[in-house]
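Student: coords please:
(2 chains)
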Amino acid sequence: MAVKRRIIKERVPTPERPPEERVKSFVEVNLGYTFELAVKEAERCLQCPYDYAPCIKGCPVHIDIPGFISKLVEYRDDPDRAVKEALNVIWACNSLPATTGRVCPQEDQCEMNCVMGRVGDKVNIGKLERFVADYAREKGIDEELLFEMVPRIEKKGQKVAIIGAGPAGLTAAGELAKLGYDVTIYEALHEPGGVLMYGIPEFRLPKSIVESEIDKLRKLGVKILTDHVVGKTVTMEELMKEYDAVFIASGAGTPRLVDAPGINLNGIYTANEFLTRVNLMKAYLFPEYDTPVKVGKKVIVIGAGNTAMDAARSARRFGVEVTIAYRRGPEDVSARVEEVEHAKEEGIKFVYFVNPVEFIGDGNGRIKAVKFEKMKPLDERDGRGKRKIVGTGEYVTLEADTVIIAIGKHPNRLIVNTPGLKVERGKIVVDENLMTSIPGVFAGGDAIRGEATVILAMGDGRLAAKAIHEYLTKKRESKNA
Amino acid sequence: MYKILEKREIAMRNTWYKVHAPHVARKVQPGQFVIVRAFKNGERIPLTPVMWDREEGWIVLIVFTRGKTTARMAAELREGDGILNIAGPLGNPVEMKKFGKILAIGAYTGIVEVYPIAKAWQELGNDVTTLHVTFEPMVVLKDEMERAVGRHILETVPIDMTKSFPENMKNVTKRLTEKARELLEKEEWDLVFMVGPSGDQRAVFEVVKEFGVPMKADLHPIMVDGTGMCGACRVTVGGEVKFACIDGPEFDAYKVDWDVLISRSGYYTDMEMMAMQEYMKALQGGGQ
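Tutor: Numbers count the residues shown, from 1 in each chain, chains lettered A, B, ... in the order given. Coordinates of the predicted model:
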């Protein structure tokens, strides 16, 4: 007999710290669900069948979303069991759920096509994923699962090198380790995590969470060599010789600068430098931490992607006035909706249709103001679906003593210079299996995309792991034959 | 963790660290640097391997005590301890070819960066003269330099305790430019190379320019990651924005925009002084 379910249209909200409190610190903004709230939200899921579920199709790593959500409801009387079962389902596709639950643009992916959206609010999939990961970590349930999983892994006897311990590299490492490969990650910075450590601020993704996710990978047998810069400390040629396969997940390394006079004035940061100082080096705790950062009284952030929001919100936490200046209009802002809302709640101003043309100094080498050309939108759209814009010949000058440039990045030059590696416009060229022009060398994440999201990079990591597994299986079989 | 095999103060404010870092020792070439993070809350600072042994896997770093991090290294690290992180080697090796007669200049601890480069150039058949100008109590690598190159000229300036440190530094700059002028007037050179504070590099460059001798300068802008990711170390060279960490650190002195370099290098001086003073106070007060 079918059970008739009552449809709850409204989403169960997750508690958030109020804006006036959170702009004073780097403590996480969103507080997440409790088990009771999570179950309430989980009950709203209509449990679309696996091969239909549009949420799974929208997820770049294809997590069995109805599958994990149903466990929370099914074992509601035993929270630990419920979380363990749910985590087991998530882990089949995603080794970093505490991260993705926080930083994925769910509204454009899993939640975009949620059937509940036709009658009410879409199911809050991201926060449910985050809840499972957080609860499991706090209760040691993830450790328990790993403890059961590790002895069952059958060693393949083949070695894979991964370049870069960011989301793409870590994901591939987790998948390959679960398949029994001997995985070593080469990381240039002193801590693994890539953009999760240097780029995404503490208030959005606490570093202790990233560390704990990476710790799990180590328990799966993944080796991580920090301070190793591929192209310098070890060459691609050496890696190709020593390992059976290589995965390049080096990210988009080099920041793009505005080609305008005065770009090298003091007080002009790239978003990468600003965020690295603040997040990775904890400059907001200076002088307890030795790395300084200077945030003036008026900050202008140029760009409107997630990186721009992160930089703006980080700057705001120094108690200063922050303006986001974007050359297009509000409808083309590429940052996640939640981040834009949070930024606005925190008092960050947005100025649209302005394009920087000159950085004006104070005569002592420091930035004083930015001259912008006013832009106007056209009816035509460009290849990315954004409205084309043109200059109006009118200018506006805004005062600023700190400017943060967040307009994107170019791939890291150290790796794209490898002989035989096909590169187009700075991005590594790959086939549908993410294999590069060099057999056995795969690439993914920002190294092939320029700039994307954490989850797209993770999707690449998963796809690459699958392709590497197939490639190495063939290699093994032909050797044995 | 990279183990400190040997540590000693070799001159005032100059500390010698022999460190186990096989991944760097295996690959490092003259002209390259490493990024060191000594403590959990320390900065990432660029330093130059002065000597290395590829088989035994060690490198030598000579660190000038300048700010809080370097002061902490001198005060707190002991033999047998570890340095948390040493990333590298980074940057490009210097061009290894026969230039002819080279004048390689080091101001203060800049000479430790000159050492591996000058040595390698000499071994390649160049006629290398090195000039080291520093304060009297801060002389380093004198014997090593004399063994490594054709001629090593050491010029020292006494520290005048009645004057401020910046005043004293002016005397070094003066002696540096005078000596460089003397050498350029008396002899014919094919190349001048220099490492030292940006202001001194520019002062020497102004002299070298008069003689039209090619000059390379090893630049030291502020750096954070050292791999081209952050853009902190950008310098204007030949009208283009370059990153010292991946395009350098060595550039044609004639093309460098010295104003931009010097201005950018001093951006954090006030904060660094503050951190240093707080640290020294805590050190003297025994932490209270």
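Student: So which elements touch the longest strand seen in chain A?
Tutor: Ordering each strand of chain A by length in residues (DSSP state E) puts strand A:367-381 first. With contacts taken as 3 or more CB pairs under 8 Å, 6 or more residues apart in numbering or on different chains; DSSP states H and E, strand A:367-381 sits against strand A:354-361, strand A:387-399, strand A:402-405. C-beta coordinates here come from the backbone N, C-alpha and C atoms, glycine included.
Student: Give me the contact list for the last one.
Tutor: When you say that, I think you mean strand A:402-405. Contact with strand A:402-405 is made by A:255-258, A:267-271, A:274, A:294-296, A:298-303, A:308, A:311-312, A:315, A:320, A:359, A:367, A:370, as judged by CB atoms under 8 Å, 6 or more residues apart in numbering or on different chains.
Student: Mind listing the strands it pairs with, and their directions?
Tutor: Note on strand A:402-405: by DSSP bridges, its sheet partners are strand A:268-270 (parallel), strand A:298-302 (parallel).
Student: Give me the mean pLDDT for the helix or strand following the longest one.
Tutor: Yep, that's strand A:298-302 we're talking about. Counting by DSSP states H and E, the next helix or strand C-terminal to strand A:298-302 is helix A:306-316. Mean pLDDT, computed over helix A:306-316, is 95.
Student: any bit of helix A:306-316 sitting next to chain B?
Tutor: No. Against chain B, helix A:306-316 shows no contacts by CB under 8 Å from any CB of the partner chain, the least distance being 12.6 Å.
Student: Against which helices or strands is whatever helix or strand comes next after that helix packed?
Tutor: As assigned by DSSP H and E, the chain's next helix or strand after helix A:306-316 is strand A:321-325. Counting contacts by 3+ CB pairs under 8 Å, 6+ apart, strand A:321-325 is packed against strand A:298-302, helix A:306-316, strand A:349-351.
Student: Now do the last one: distance to the chain's middle.
Tutor: What that stands for is strand A:349-351. 24 Å (CA atoms, centre = their mean, to the nearest Å).
Student: quick one: average confidence on that strand?
Tutor: The average pLDDT within strand A:349-351 is 97.
Student: Please, which helix or strand holds whatever residue of the stretch 151-288 of chain B ends up closest to chain A?
Tutor: Closest to chain A within the stretch 151-288 of chain B is residue B:263: 3.3 Å, counting by CB to the nearest CB. Taking DSSP H and E as the definition, residue B:263 sits inside helix B:258-265.
Student: helices and strands around that helix, which ones?
Tutor: Helices and strands touching helix B:258-265, by 3+ CB pairs under 8 Å, 6+ apart, are helix B:198-211, strand B:234-237.
Student: which residues touch the residue of the stretch 151-288 of chain B closest to chain A?
Tutor: Contact partners of residue B:263, counting by CB under 8 Å, 6+ apart, are A:266, A:364-365.
Student: How about the secondary structure of the closest residue to residue A:64 other than its chain neighbours?
Tutor: With sequence-adjacent residues excluded and distances taken as CB to CB, 6 or more residues apart in numbering or on different chains, residue A:64 is closest to residue A:89, at 5.3 Å. Three-state assignment for residue A:89 (DSSP: H, G, I helix; E, B strand; the rest coil): helix.
Student: hang on, the earlier thing: retrieve the pLDDT associated with the residue of the stretch 151-288 of chain B closest to chain A.
Tutor: 88.
Student: Quick check: it vs residue B:198, distance?
Tutor: Applying CB to CB, to the nearest Å, the value for residue B:263 to residue B:198 is 9 Å.
Student: can you pull the contacts of residue 139?
Tutor: No chain was given, so I picked chain A. When contacts are counted by CB under 8 Å, 6+ apart, residue A:139 is found next to A:80, A:83.
Student: hmm, I had chain B in mind actually
Tutor: B:11, B:132, B:154, B:156.
Student: Name the residues of the host helix or strand of the second one that are buried.
Tutor: Assigned by DSSP H and E, residue B:132 belongs to strand B:127-135. When burial is assessed from 16 or more other CB atoms under 10 Å in any protein chain shown, strand B:127-135 yields the following buried residues: B:127-135.
Student: re the thing from before, of the contacts of strand A:402-405, select the buried ones using a ChimeraX command.
Tutor: Selecting only the buried entries of those in ChimeraX, with 16+ other CB under 10 Å as the criterion:
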select /A:255,256,257,258,267,268,269,270,271,274,294,295,296,298,299,300,301,302,303,308,311,312,315,359,367,370
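Student: ok, back up a step: check which helices and strands the strand holding residue B:132 is in contact with.
Tutor: Applying 3+ CB pairs under 8 Å, 6+ apart, one finds that strand B:127-135 contacts strand B:101-107, helix B:110-123, helix B:142-148, strand B:151-157, helix B:165-186.
Student: Tell me which of the ones you listed sits nearest to residue A:38.
Tutor: Residue A:38 lies closest to helix B:110-123 among the helices and strands packed on strand B:127-135, at 57.4 Å (CB to CB).
Student: Would you mind writing the CA trace of the closest one as PDB?
Tutor: Output of helix B:110-123 as PDB, limited to C-alpha atoms (Å, rounded to 0.1, in the frame of the first residue of the first chain):
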ATOM      1  CA  GLY B 110      73.700  39.600  -1.000                       C
ATOM      2  CA  ILE B 111      77.200  38.100  -1.200                       C
ATOM      3  CA  VAL B 112      75.800  34.700  -0.200                       C
ATOM      4  CA  GLU B 113      73.700  34.700  -3.300                       C
ATOM      5  CA  VAL B 114      76.600  35.800  -5.400                       C
ATOM      6  CA  TYR B 115      78.700  32.900  -4.100                       C
ATOM      7  CA  PRO B 116      77.300  29.900  -6.000                       C
ATOM      8  CA  ILE B 117      76.800  31.900  -9.100                       C
ATOM      9  CA  ALA B 118      80.300  33.500  -9.200                       C
ATOM     10  CA  LYS B 119      81.800  30.100  -8.400                       C
ATOM     11  CA  ALA B 120      80.000  28.400 -11.200                       C
ATOM     12  CA  TRP B 121      80.900  31.200 -13.700                       C
ATOM     13  CA  GLN B 122      84.500  31.000 -12.700                       C
ATOM     14  CA  GLU B 123      84.500  27.200 -13.100                       C
END
